[in-house]
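need coordinates for the following:
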Amino acid sequence: MSQPTTNPSTTATREYVASKMSAYNIDKIIGEPTLVTFKTLFDQLAVSAAAVKTNQWGGLHGHLPLLVSDAQFQTISGNVAAVTDKRNKPNRIDSRIDGATSNYHRLKFTREQDEKILDYHTQEEVDDAIKNLIIESVDPQYIEELKRDYVGYANETGKSMLAHIKSTWCKITTREKGVAQRALREPWNLVEDITAYERALDKNQITCLDLGVPINDSDKVQIYMENMYMSDMFEERDMTEWEEKPEADKDWATAKTYFGSLFKKRKKYNSDMKARGAGFESANSVAQKYQPNPPSFSGDATVGTTTSSFSGRGSTTPLDKTQWVEYSDSLEDSLTEAKEYAASLEAKAAGDQATLLQKLEMAMEQNTKLLALMAKGGLSNNSDEGGAKDEKKTFTRRPRKKARLCKHCGEEGYHEDDQCFSLEKNKAKRPKWYKDQHGE
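Presented below is the predicted three-dimensional model:
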């Protein structure tokens, strides 16, 4: 097993890294590693390393850069300039500090340097933990070539050990490359959200790169745009506006932002129109109830010649006139039914309004009587059945106690000596303000 950092100051860091990474299970590979078992091991190690936070590499993906390549990390982070280089061991004292440095800047620079030193030690502890997990997960014969006398795997990194296992034992076939390429070009099914399709493209691109299939962001944007056209979800002006952008602005991040915004607007518009259509649909159902079907004419020679409309021009057969009379009667009947239906609605509304007005008038009448009784002094708290005159009820206020000095608490108040809260027998009666005041 690789030797961990031996600096005593890193003990707390080592314990922190161990507690974070041990929370995730790492499966052991039985026998010779294959592409499938290797990918499982890689994914488990990636999740474990990403769980240990750091300020390096943008600070958003933990120590994941210790396992992935620059191209993979650029795809994952969305930063085309991102690199996965490890931090070199920083000096103990910041080089900016000299004899002329003020106390303020000396303290500031020292804290910044201490953070760099902590990040470096955390980085080394995570890398050592990754190597130990690889050693425990793979049979010795598959990594024995990397082991050196006396130092073991000290000169290796987790990334170099994984690269050795993959290149030596996991043979990538043409078929596997083809499967990865076809997955990348899988069309957008329009059922899933556009962001889900974008994430699928990112994931499939990483798979292609992992298998040695060169797919850059320009290739991914091309595939993405082909699907935007095929989806037929965007209007001509939207696509034209994209095509007129400078080539430098047609990158992956811009494409996702541009079409993601359009997709959300289109989705909201469709939702609003669907809700509005539901309202029209219920209104049309009422109209269709009273809409009769006009007669149809076959123009059969045995019946006679028909005209395109019943307007008095030309001639019509007796059968035609009969149909038009029936149609006219049906229209009249439908109109009558519609009027009756409207009248019933109007009558119901009028009845509801009349009932409401009646209740309002009754309430106003009762209120007027109440005000009249109050004005005459007719309201009384005490009245008998014979209508006897009410007697005015008088109330006398209890005389207020005078403050006195308590012999128990020595304070001036209104309580009796026997009721003083300072007495142990009155402890259960003590109110909250008394307990707060005396720290109970």
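
doesn't A375 belong to a helix?
Yes: under DSSP: H, G, I helix; E, B strand; the rest coil, A375 sits within a helix.

got any ranges where the chain has weak pLDDT?
Low-confidence segments of the chain, defined by pLDDT under 70, are located at 1-9, 277-352, 377-401.

how is it partitioned into domains?
8-171, 175-286, 291-373 (automatic domain parsing).

out of those, which is closest to E440?
Closest to E440 of the domains of the chain is domain 8-171 (CB to CB; 42.2 Å). Heads up, the C-betas are built off the backbone N, CA and C, glycines and all.

return the most buried member of the domains of the chain.
domain 8-171 (a mean of 16; mean count of other CB atoms under 10 Å).

how far out from the middle of the chain is that one?
Relative to its chain's centre, domain 8-171 lies at 31 Å (CA atoms, centre = their mean, to the nearest Å).

same check, this time on stretch 417-435
With CA atoms, centre = their mean, you get 56 Å for stretch 417-435.

what residues are up against E198?
The contact partners of E198, by CB atoms under 8 Å, 6 or more residues apart in numbering, come to Y224, K256, G260.

grab the nearest non-local neighbour of the first one.
Pointing back at Y224 there. Take Y224 and drop its neighbours on the chain: the residue closest to it by CB to CB, 6 or more residues apart in numbering is A255, 5.8 Å away.

returning to that earlier point: distance to W433 and secondary structure added to the contacts of E198, as JSON lines?
Shown next, in JSON lines, are those (distance: CB to CB, whole Å; DSSP: H, G, I helix; E, B strand; the rest coil):
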{"residue": "Y224", "distance to W433": "70", "secondary structure": "helix"}
{"residue": "K256", "distance to W433": "62", "secondary structure": "helix"}
{"residue": "G260", "distance to W433": "60", "secondary structure": "helix"}
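
how about the strands in the chain?
Applying DSSP state E to the chain gives strands spanning 404-405, 412-413.

which one of these lies nearest to Y120?
strand 412-413 (69.1 Å).

now do the helices in the stretch 101-250 of the chain.
103-137, 158-169, 174-184, 194-210, 217-231, 236-243 (DSSP state H, counting those that start in this stretch).

would you turn the ones you listed into a markdown table with distance to R148?
Output for the helices of the stretch 101-250 of the chain, formatted as a markdown table (distance: least, CB to CB, whole Å):
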| stretch | distance to R148 |
| --- | --- |
| helix 103-137 | 13 |
| helix 158-169 | 13 |
| helix 174-184 | 33 |
| helix 194-210 | 28 |
| helix 217-231 | 39 |
| helix 236-243 | 55 |
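
quick one: which of the ones you listed is nearest V17?
Here helix 103-137 is closest among those (CB to CB), at 4.3 Å.

picking up where we left off before, I'd say the residue nearest to Y224 and I223 touch.
No: assessed by CB atoms under 8 Å, A255 is found out of contact with I223, at 10.7 Å.

between the two ends of stretch 64-77, what distance do you get?
11 Å (CA to CA, to the nearest Å).

JSON lines for the domains of the chain, including distance to S422?
Formatted as JSON lines, the domains of the chain follow (distance: least, CB to CB, whole Å):
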{"stretch": "domain 8-171", "distance to S422": "53"}
{"stretch": "domain 175-286", "distance to S422": "70"}
{"stretch": "domain 291-373", "distance to S422": "54"}
